[in-house]
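Engineer: Have a look at this prediction, sequence included:
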Amino acid sequence: MRSKKIFIGVLIIITLALQIGCTAQVQDNGEDMEDNAQHDVQREIMEEFDRLVDSEAGLDEIIGFIDDSIAQLSEEHASIMLDRLEGLQEKNLPVLDEKFYSDQTIQSGINKIYGPGFDMNTVDQMEDGRLKDLLAEAGNTGYRVETAEGMYFPIIDYKFYEKYSYYVTADMNEYIDIMAVESDEVPAKDAALVISWDAILERALRQERFLGQYPDSIKADQIRRLYKKYVSFTLFGLNNTPLFEYDTNTMKDDAKAVYKQAVGSGQDSGYLDTIREYIEVLEKDNFKLTDEVDKYRKNVYGSI
């Protein structure tokens, strides 16, 4: 009798184990099927995107496709899609730029409306149909208007990308933020800096952090080039905003104060180490631009 009870108990345990195993297998199979379906959808979206690009579809059509499909993609695929979009915008930029110079009335028309409160989203209110269409085209395809030397031209508006930030990888999200700052407030115009020395250091430090955190990012090369430009600003300034006064060859006091404060912050940064060494070289000659100083800054810049 006891043996029979033991046998029945073992049989129940085996039956339960088989049921649990079958249930788990069904769940695993269901999850695998769902994953496979998602992969298939994403593959189809990316293939359709490639077909659109290869067919040389307009930017407005491509952006519409991205808007409709990006939520169905993985962060990695979404980031690849936006990387491709940026490349297409860069390729299209000379074509759009030529339209801004095709007729002097375009330049004069923008001049009448351009100012601190200028908003690409208000073009519908314009009376000049040709200008209205041009600015609408620019705004709808991710560009904004910038000015320098009295002329107006399009640049990529990275704030346009912010609507996609939720769908992309962390590095692409940070890239969009960095570039939105650049396009919203360009650092230089007419061979002169138009942002403060503080802002130069702040932006360069953020670019350096990006390269440290995401060395393998698909946007690492772009940020590296941007960082090199900011190192140049730091060491040389620009022709119309030099780091050293033209008449005395002495470092500008406002820049000196900012640099000294920055290196005293205690941050762990190769960029700040460079500034610290730069100041040490400068202190030897009372912050004057000597041959030694010039040699140092050229070596530093050339090593990046």
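Structural biologist: Arrived safely.
Engineer: tell me which residues of the host helix or strand of residue 199 are tucked away?
Structural biologist: Secondary structure from DSSP states H and E places residue 199 in helix 197-213. The neighbour-count check on helix 197-213 (16 or more other C-beta atoms under 10 Å) flags 197, 199-210 as buried. For the C-beta atoms, the positions are set from N, CA and C on the backbone; glycine is no exception.
Engineer: swap in stretch 102-120?
Structural biologist: 106-107, 109-110, 113.
Engineer: Just the pLDDT for the spatially closest residue to residue 242 that is not a sequence neighbour.
Structural biologist: Spatial nearest neighbour of residue 242, chain neighbours left out: residue 236 (7.3 Å); criterion: C-beta to C-beta, 6 or more residues apart in numbering. What the model reports for residue 236 is a pLDDT of 97.
Engineer: and what of residue 203?
Structural biologist: 98.
Engineer: and if you look at residue 161?
Structural biologist: Residue 161 is given a pLDDT of 97.
Engineer: so it sits right up against residue 82, yeah?
Structural biologist: Yes - using C-beta atoms under 8 Å, residue 161 is in contact with residue 82, at 6.4 Å.
Engineer: Overlap of the contact sets of the two?
Structural biologist: residue 176 (C-beta atoms under 8 Å, 6 or more residues apart in numbering).
Engineer: hmm, back to that, inside helices: which ones of the buried residues of stretch 102-120?
Structural biologist: 106-107, 109-110, 113 (DSSP state H).
Engineer: Quick one: the residues you listed as TSV, columns for distance to residue 169 and pLDDT too.
Structural biologist: As requested, those are exported to TSV (distance: C-beta to C-beta, whole Å; pLDDT from 0 to 100):
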residue	distance to residue 169	pLDDT
106	39	91
107	40	92
109	41	89
110	37	90
113	38	84
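Engineer: for those, which one is nearest residue 290?
Structural biologist: Ranked by distance to residue 290 (C-beta to C-beta), those are led by residue 107 at 44.6 Å.
Engineer: mind listing the strands in this protein by residue range?
Structural biologist: 143-148, 151-156, 188-189, 192-193, 237-238, 241-242 (DSSP state E).
Engineer: centre of the chain versus the second one, how much separation?
Structural biologist: A distance of 18 Å separates the C-alpha centroid of strand 151-156 from that of its chain, computed with C-alpha atoms, centre = their mean, to the nearest Å.
Engineer: tell me the angle of that strand relative to strand 143-148?
Structural biologist: When axes from the mean of the first three to the mean of the last three C-alpha atoms, to 10 degrees is applied, the directions of strand 151-156 and strand 143-148 differ by 140 degrees.
Engineer: Identify the residues contacting strand 151-156?
Structural biologist: 86, 89-90, 93, 96-97, 100-101, 107, 110-111, 114, 138, 142-147, 179, 183, 186.
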